[in-house]
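[1] below are the sequence and a predicted model for it; my questions follow.
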Amino acid sequence: MIPIRDTIPSRNPPVAVWILILANAFVFLLELGMPEPVLNEFFRLFGIVPARYTHPAWAEIFGFPADDYWPFLTSMFLHGGWMHIIGNMWTLWIFGDNVEDRMGPVRFTIFYLLCGIAAGVVHLMLNPQSTIPTVGASGAIAGVMGAYFFLFPHSRVIVFIPVLFLPFFFEVPAVTYLGFWALSQVFSGTLSLAGPQNVGGVAWWAHVGGFAAGIVLHFFFVRQRGSYRRLSRDQYFMEMPYLPPGYWRR
């Protein structure tokens, strides 16, 4: 299922989402200009290579800087190809604006980065022997999806399902889409523990870690209800089915 859009409009311009998308796009354009050997080295130094932290002697032999934890931050701005960055940024665009509405741009940016770091830590803990660089914003975006799961339980998501050569569009509850997505990551992550060759090199546990971090951390970053713009009359029932008595007289 490919998400196309959700049914809840953002209340404010999603400034932080725009900046994050531009930052990722800028770094990706830099990647496109690099020769392949330089790009591989770029990923090796700025992506997360779990073995560099779990096997210091190995890391020293292969030239990794000691006590360098910046890759937990820099890796979330790197992407391995067009489909990788388009899929990630599209998902951030769909779910990020509403979560940013509830947090504000600064809190949302901090929340996003913390979820990405948590995703990287979970990936490190579950793949301590891996010498393959892990890059991508998907762990941080999974955190945004985890927050959306709790903040907008009445939202619906338009999804696209290609069947052979025919496109099918469906509207499903956001909790169904996000719940199914999260369970699929756990299932694929469990398979990856049995044999990484069966899962295409995707950091499934980073997704799971990011999603769980988003659920936990969003409680600390959501602003109080009165601090963000009230919904218009035609928007109210898209986000919440219950209208408090006297709401429009306030």
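    Done, it's in.
[2] pull the contacting residues for the nearest residue to residue 180 once chain neighbours are set aside.
    Take residue 180 and drop its neighbours on the chain: the residue closest to it by C-beta to C-beta, 6 or more residues apart in numbering is residue 1, 7.6 Å away. All C-beta atoms are positioned from the backbone trio N, CA, C, and that covers glycine. Contacts for residue 1 were tallied using C-beta atoms under 8 Å, 6 or more residues apart in numbering; they are 159, 160, 161, 170, 172, 177, 180.
[3] now with 7 Å, please.
    Contacts of residue 1 were listed using C-beta atoms under 7 Å, 6 or more residues apart in numbering, and they are 159, 161, 177.
[4] name the member of the residues you listed with the most neighbours.
    Taking other C-beta atoms under 10 Å to define a neighbour, the member of these with the most is residue 177, carrying 23 neighbours.
[5] surely residue 144 and residue 95 touch.
    Yes - with the criterion set as C-beta atoms under 7 Å, residue 144 and residue 95 qualify as a contacting pair; they are 5.3 Å apart.
[6] element containing residue 5?
    In this assignment (DSSP states H and E), residue 5 forms part of strand 2-6.
[7] for the closest residue in space to residue 43 that isn't next to it in sequence, phi and psi?
    Distance criterion C-beta to C-beta, 6+ apart; nearest residue to residue 43, sequence neighbours excluded, is residue 133 at 4.3 Å. Dihedral angles of residue 133 (phi, psi; degrees, to the nearest 10) stand at phi -60, psi 140.
[8] repeat for residue 7
    Here the main-chain torsion angles of residue 7 (degrees, to the nearest 10) amount to phi -100, psi 0.
[9] one step back: could you pull out the buried residues of the strand holding residue 5?
    Buried residues in strand 2-6, counted by 16 or more other C-beta atoms under 10 Å: 3, 6.
[10] can you list the neighbours in contact with that strand?
    When contacts are defined by C-beta under 7 Å, 6+ apart, strand 2-6 is touched by residues 91, 94, 95, 155, 156, 157, 158, 159, 160, 174, 177.
[11] could you find the closest non-adjacent residue to the fourth one?
    Here the nearest residue to residue 155 in space, its sequence neighbours aside, is residue 174; by C-beta to C-beta, 6+ apart that works out to 4.0 Å.
[12] how about the most centrally placed residue in the chain, what does it touch?
    Central residue check for the chain by C-alpha atoms, centre = their mean: the C-alpha nearest the mean position is that of residue 141, 1.1 Å away. If a contact means C-beta under 7 Å, 6+ apart, then residue 141 has 88, 91, 92 as its contacts.
[13] that older thread, run a quick neighbour tally on the residue nearest to residue 43.
    The criterion is other C-beta under 10 Å. On that basis, residue 133 has 21 neighbouring residues.
[14] likewise for residue 58?
    Counted with other C-beta under 10 Å, residues neighbouring residue 58 total 14.
[15] just residue 94 next, same as before
    Around residue 94 there are 20 other residues, counting by other C-beta under 10 Å.
[16] could you point out which element follows the host helix or strand of it?
    Assigning secondary structure by DSSP H and E places residue 94 in helix 82-103. Sequence-wise, the next helix or strand downstream of helix 82-103 (DSSP H and E) is helix 105-126.
[17] thanks again, I'm all set now.
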